[in-house]
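# sequence plus the predicted model coming up.
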Amino acid sequence: MIDHNWHWGHKVLEVRPSGPLEEEDFRILAAQVDPVISEYGRLNGLLVDARDFAGWESFATLVCHCKFVRDHHRYIHRIAVVSDHGLLGYMPRLVDHFVSAEVRPFPSADYTRALEWLAEPG
């Protein structure tokens, strides 16, 4: 499941994956995101609260996730990933090859700072 919450009048979307992700999660998320992108042209930011990320239900779900990223990354200015996982520090360099957004990792203790960074103009 992917819980979501809008901040600052649909300018920043926060997503919180919990449990193994399923294909339906990305269809539901697209139904929330696509109308906002149509109305405003883009999102200022996406906050991924990955503290409880448990992976994908199947390889097909991973592929569905990749397609979602492919179809939406050009419409997101910044992405903040909140997690205490050790690989988090390498994540921006890895995803930089696949997304046009500026991506930054934040430890869990800096959740508020991550949200503030996404709201900054730029």
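The structure has been received and is ready for your questions. Numbering: from 1, shown residues only.
# show me what the residue nearest to the spatial centre of the chain bridges to in the sheet.
Closest to where the C-alpha atoms of the chain average out (C-alpha atoms, centre = their mean) is residue 48, at 4.2 Å. Beta bridges link residue 48 to residue 15, residue 81 when assigned by DSSP bridges.
# that one is in contact with residue 13, isn't it?
No: shown here, residue 48 and residue 13 do not form a contact pair, counting by C-beta atoms under 8 Å, at 9.4 Å. Every C-beta, even on glycine, is put in place using the N, C-alpha and C of the backbone.
# output the lowest mean pLDDT helix or strand found in the protein.
Lowest by mean pLDDT, DSSP states H and E among the helices and strands of the chain is helix 91-95, with a mean of 67.
# helices or strands next to the very next helix or strand once past that one in the packing?
Sequence order places strand 102-106 as the next helix or strand after helix 91-95, per DSSP states H and E. Contacts defined by 3 or more C-beta pairs under 8 Å, 6 or more residues apart in numbering; DSSP states H and E place strand 102-106 against strand 76-82, helix 91-95, helix 111-119.
# tabulate these (a markdown table), appending distance to residue 70 and mean neighbour count.
Output for the helices and strands packed on strand 102-106, formatted as a markdown table (distance: least, C-beta to C-beta, whole Å; neighbours: other C-beta atoms under 10 Å):
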| stretch | distance to residue 70 | mean neighbour count |
| --- | --- | --- |
| strand 76-82 | 12 | 22 |
| helix 91-95 | 12 | 13 |
| helix 111-119 | 21 | 17 |
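# mean pLDDT for those: which is lowest?
Note on the helices and strands packed on strand 102-106: helix 91-95 shows the lowest mean pLDDT, a mean of 67.
# in a strand, residue 33, correct?
No: counting by DSSP: H, G, I helix; E, B strand; the rest coil, residue 33 falls outside a strand, being helix.
# next, count neighbours for it.
Other residues lying near residue 33 total 23 when counted by other C-beta atoms under 10 Å.
# okay but it is in contact with residue 42, surely?
No: Residue 33 is beyond contact range of residue 42, at 10.7 Å (criterion: C-beta under 8 Å).
# done for today, thanks.
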